[in-house]
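K.L.:
Give the three-dimensional model of this entry:
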Amino acid sequence: MTQMIEALDMELGRVLVETGLATRGVGGGVKFDPVQTNTLIAVVGDNGSFAADVRLPFDAAKSKGTVYQTGVWVPLIIAGPMVVSPNRSVESMTNIVDLFQLFGDVAGVDVRKAVPATHGLDSKPLLPYLTNSNQDANPIRTSNFAQYEPNTRSSTYIPGACVIKSVNTCITLMPSRV
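P.N.:
Numbers count the residues shown, from 1 in each chain. Below is the predicted model:
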């Protein structure tokens, strides 16, 4: 897990430097000023942790691929010019669909007007968490929805090899034909 985070850090730094949004410092670290570059960066994780990566007090049997907290709880990291009090944690619930409204707010688009009324829109504002360091005391999202259903495949689908066997679950990482 630590190696994956280090790889993400290295690649994100490389992209920022190569696009001219950041520079390398004397020690090789990345110097990025979101205010100066007027750039918003959002990094979100995949849905949950594999059983072997689940740490106490959580139950490994209720990890990735389930609707339990460790199956749906993922990191969301946002940096940008509107972030007051950077380097803090917000404990309020969010959902990946909330990024839709955040990007709309940042771009000056009212997503409620842009999306037809016939379409459901569950996106909640994230911008208040970035612009008000006390917003966490007043959570915006009071519930989240998660659903689990075994993958539905056509009758001709041939699953790939089971590459990770844990907690009575077979996880196929790479779809393939046999």
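K.L.:
Please name the bridge partners of the residue nearest the centre of the chain.
P.N.:
Nearest to the mean C-alpha position of the chain, by Cα atoms, centre = their mean, lies V44 at 1.9 Å. Here V44 sits in beta bridges with L76, going by DSSP bridges.
K.L.:
Please name the residues that touch it.
P.N.:
74-77, 96, 99 (Cβ atoms under 8 Å, 6 or more residues apart in numbering). Placement of C-beta: from N, CA and C, glycine included.
K.L.:
Could you give the average pLDDT over the longest helix belonging to the chain?
P.N.:
Secondary structure of the chain read by DSSP state H shows that its longest helix is helix 2-18. The average pLDDT within helix 2-18 is 89.
K.L.:
Contacts for that helix, please.
P.N.:
So helix 2-18 is contacted by 22-24, 30, 32, 41, 43 (Cβ under 8 Å, 6+ apart).
K.L.:
Next, the buried residues of stretch 78-86.
P.N.:
78-80, 82-83 (16 or more other Cβ atoms under 10 Å).
K.L.:
can you redo the residues you listed as a markdown table with secondary structure, distance to P116 and pLDDT?
P.N.:
As requested, those are arranged in a markdown table below (DSSP: H, G, I helix; E, B strand; the rest coil; distance: Cβ to Cβ, whole Å; pLDDT from 0 to 100):
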| residue | secondary structure | distance to P116 | pLDDT |
| --- | --- | --- | --- |
| I78 | strand | 28 | 94 |
| A79 | strand | 32 | 92 |
| G80 | coil | 29 | 92 |
| M82 | coil | 28 | 93 |
| V83 | coil | 32 | 94 |
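K.L.:
Between those residues, which sits nearest S143?
P.N.:
I78 (21.5 Å; Cβ to Cβ).
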